[in-house]
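Visitor: here is my input; please provide its structure:
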Amino acid sequence: MRVHFIAIGGSVMHQLAIALKKKGYEVTGSDDDIFEPAASNLRNESLLPEAVGWYPDKITEGTDAIILGMHARGDNPELQKALELKIPVYSFPEYIYKESISKKRIAIGGSHGKTTITSMVMHVLKESGLDFDYLVGARLAGFDNSVRITDAPLIVCEADEYPASAIERVPKFHFLYPHIAVISGIAWDHINVFPTFENYCEQFKIFIDKIEPGGVLIYYSEDKVLHDLVEQNKRADIRYIPYNVPDHRNEGGISVVTLDGKDVPLKVFGDHNLLNIQAAAHVCTEAGVAIDDFRKAIATFKGAAKRLESIYESDSTRVYRDFAHAPSKVKATVHAVKAQFTNKKLAAVLELHTYSSLNEAFMKEYKGALDEADVAIVFYSRHALEIKRMPFLEPAKVKSGFSKENLIIATAKGELERALKQIPIENTCFLFMSSGTYESLDILQTLNLTE
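Guide: Residues are numbered from 1 along each chain as shown. Model (predicted):
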């Protein structure tokens, strides 16, 4: 197979390119810019394009397939050449499905928790000795890449609802056709793509309709929106497994969960992670993992990158990073840390970085999200707004939306650094939530926690 990637530098695109090369395919690619770590990863596999830009001459009749990245536009010259030559063009998820037609497919979707549930399932399957392929949106200990494509009989996919590509403006998870599906919950996100809550919910209905006959849907039943959606769209040809928070307790800062009558001490915490574990348990059982093996494996799961990831610990101070940015995720993450460390103050720092979170009309969705924090900072940069071609977001609008007393607003990196230096380090948990980097802020250095 000869495969060409248009926009090979994407975070998952370049991982798929590497996976296909390892499978033995001839792989080429182009992009108008490639950042780290994608550039180094591609260079190490001899896949880094010699020069940035689009080169239609790379597309020839000998090319078997084109994989089109999300940021490639419809008028891309390489895409136009491929269409002229009638070469099959696939979005990322379409190609994942093409490579997994003969596999049992697991797709884990939902507005929150899907990366963590996927990571938990991958960890357990690996510890249980099963052979499987995967697609996940975060770095995970024990796995060299975030995409694996081989001849394994099983594939585990994080099922994203964001559009597949410039010419396939429908959610990625509509292309996976799972045998085992998960929906962790529904909370309006990506408002630049799904302008109404009803439109957003409709995507999950379609996802349910895409489950293979004889398959199973595992879903969080305490989410009223999701519960009602499932009840109103019941299919007779699939099974349904509802789940909610399992029995658990906190023992000296360690969460202990009860699974099928036996206690398991965990390395992760928070109600949302307990929900994730329950969902992962059902998935792994459906995939053939015995509950004893699941308990043994999940006890060693330390989490995925930027999912309540601990980056500093001492007796009096803890620092966590998390990917949370949507309102429901922010609220759940803040609650998890506050509930786990009741004897410490919580300083929560949220960066508004996505289209939705930087939209003035969306601010009201954040009401109450930071209420449990003792110190709350919201940071967003003018640069991020300029890149997205969005108008400046007035701090007064942010304060009104969050409706949090003494909320600190920082719109420049220097302002954020000064605000952080005012927070006492002793007896404090710091929680940094963002899908960005706070303009490349060195968190530990700013907090004076480096040796």
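
Visitor: quick one: low-confidence ranges for this protein?
Guide: 166, 190-192, 451 (pLDDT under 70).

Visitor: biggest helix in it by residues?
Guide: For the chain, the longest helix by residue count, based on DSSP state H, is helix 271-286.

Visitor: what's in contact with it?
Guide: Here helix 271-286 makes contact (CB atoms under 8 Å, 6 or more residues apart in numbering) with 106, 108, 112-113, 116-117, 120-121, 124-125, 128, 180, 182, 184, 216, 218, 220, 241, 243-246, 248, 255, 257, 259, 266, 268, 291, 294, 298, 308, 332-333, 335-336, 339. Just so you know, the C-beta spots here come from the backbone N, C-alpha and C atoms, and that holds for glycine as well.

Visitor: helix 271-286 and the helix or strand following it, what's the angle between them?
Guide: Per DSSP states H and E, the first helix or strand lying C-terminal to helix 271-286 is helix 291-298. Put simply, helix 291-298 runs at 140 degrees to helix 271-286, going by axes from the mean of the first three to the mean of the last three CA atoms, to 10 degrees.

Visitor: so for the longest helix of the chain, what gets flagged as buried?
Guide: Along helix 271-286, these residues count as buried under the neighbour rule (16 or more other CB atoms under 10 Å): 272-286.

Visitor: same deal with stretch 65-74?
Guide: 65, 66, 67, 68, 69, 70, 71, 72.

Visitor: for the stretch 351-451 of the chain, what spans make up the strands?
Guide: Here the stretch 351-451 of the chain has its strands, by DSSP state E, counting those that start in this stretch, at 375-379, 408-410, 428-433.

Visitor: let's have these in CSV, adding mean neighbour count.
Guide: Listed next are those as CSV, based on neighbours: other CB atoms under 10 Å:
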stretch, mean neighbour count
strand 375-379, 23
strand 408-410, 21
strand 428-433, 23
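
Visitor: redo those as a markdown table? Include distance to residue 10.
Guide: Putting the strands of the stretch 351-451 of the chain into a markdown table (distance: least, CB to CB, whole Å) gives the following:
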| stretch | distance to residue 10 |
| --- | --- |
| strand 375-379 | 26 |
| strand 408-410 | 30 |
| strand 428-433 | 23 |
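
Visitor: among those strands, which comes closest to residue 203?
Guide: Nearest to residue 203 among these is strand 428-433 (24.5 Å), distances taken as CB to CB.

Visitor: what does the closest one contact?
Guide: 316-325, 329-330, 333-334, 337, 341, 344-351, 373, 423, 438, 443, 447.

Visitor: with stretch 414-423 instead?
Guide: 347, 349, 375, 377, 379, 408, 410, 430, 438, 441, 446-448.

Visitor: so residue 74 touches residue 167, yeah?
Guide: Yes: with contact defined as CB atoms under 8 Å, residue 74 reaches residue 167; the gap is 5.8 Å.

Visitor: list the residues that contact the spatially most central residue of the chain.
Guide: Residue closest to the average C-alpha location in the chain (CA atoms, centre = their mean): residue 115, at 4.5 Å. Going by CB under 8 Å, 6+ apart, residue 115 touches 136, 137, 138, 158, 304, 307, 323.

Visitor: could you measure from it over to residue 121?
Guide: Using CB to CB, to the nearest Å, residue 115 is found at 11 Å from residue 121.

Visitor: excluding its backbone neighbours, what's nearest the residue of the chain most remote from its centre?
Guide: Largest separation from the mean C-alpha position in the chain: residue 61, at 36.3 Å (CA atoms, centre = their mean). Counting by CB to CB, 6 or more residues apart in numbering, residue 85 is the residue found nearest to residue 61 once chain neighbours are left out, at 5.8 Å.

Visitor: just to revisit the earlier point, which of the contacts of stretch 414-423 lies closest to residue 225?
Guide: Using CB to CB, the contacts of stretch 414-423 come closest to residue 225 at residue 349, 28.8 Å.

Visitor: distance check, the residue lying closest to residue 97 once chain neighbours are set aside against residue 293.
Guide: Leaving aside its sequence neighbours, residue 97 sits nearest to residue 175 (CB to CB, 6+ apart; 5.3 Å). According to CB to CB, residue 175 stands 31 Å off from residue 293.

Visitor: these two: who's more crowded?
Guide: In this view residue 175 and residue 293 are compared by other CB atoms under 10 Å, and residue 175 has more residues nearby, 22 against 17.

Visitor: list the contacts of the more buried one.
Guide: Counting by CB under 8 Å, 6+ apart, residue 175 has contacts 91, 93, 94, 96, 97, 164, 168.

Visitor: is the nearest residue to the fourth one once chain neighbours are set aside bridged to anything, and to what?
Guide: Spelled out, it's residue 96. Leaving out its chain neighbours, the residue that sits closest to residue 96 by CB to CB, 6+ apart is residue 135, at 6.0 Å. Legend: beta-bridge partners of residue 135 under DSSP bridges are residue 147, residue 157.

Visitor: isn't residue 135 up against residue 147?
Guide: Yes: at 5.3 Å, residue 135 and residue 147 qualify as touching, with contact defined as CB under 8 Å.

Visitor: circling back: tell me, how many neighbours does the residue nearest to residue 61 end up with?
Guide: 14.

Visitor: confirm residue 329 sits in a strand?
Guide: No: assessed with DSSP: H, G, I helix; E, B strand; the rest coil, residue 329 is helix; it does not lie in a strand.

Visitor: how many residues are close by it?
Guide: For residue 329, using other CB under 10 Å, the count is 22.

Visitor: and if you look at residue 246?
Guide: 15.

Visitor: so the spatially closest residue to it that is not a sequence neighbour versus residue 4, what's the distance?
Guide: Spatial nearest neighbour of residue 246, excluding adjacent residues (CB to CB, 6+ apart): residue 278 at 5.0 Å. As judged by CB to CB, residue 278 and residue 4 stand 42 Å apart.

Visitor: next, the residue nearest to residue 97: phi, psi?
Guide: Residue 175 has phi and psi values of phi -100, psi 0 when expressed as degrees, to the nearest 10.

Visitor: for it, give its distance to residue 98.
Guide: For residue 175, the distance to residue 98 - CB to CB - is 9 Å.

Visitor: quick one: the helices in the stretch 251-400 of the chain?
Guide: Along the stretch 251-400 of the chain, the segments classed as helices by DSSP state H, counting those that start in this stretch run 271-286, 291-298, 327-340, 382-387, 395-402.

Visitor: want to throw the ones you listed into a markdown table with distance to residue 21?
Guide: Output for the helices of the stretch 251-400 of the chain, formatted as a markdown table (distance: least, CB to CB, whole Å):
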| stretch | distance to residue 21 |
| --- | --- |
| helix 271-286 | 29 |
| helix 291-298 | 30 |
| helix 327-340 | 34 |
| helix 382-387 | 31 |
| helix 395-402 | 45 |
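
Visitor: those helices: which one's closest to residue 43?
Guide: Using CB to CB, the helices of the stretch 251-400 of the chain put helix 382-387 closest to residue 43, at 25.6 Å.

Visitor: many thanks, I have nothing further to ask.
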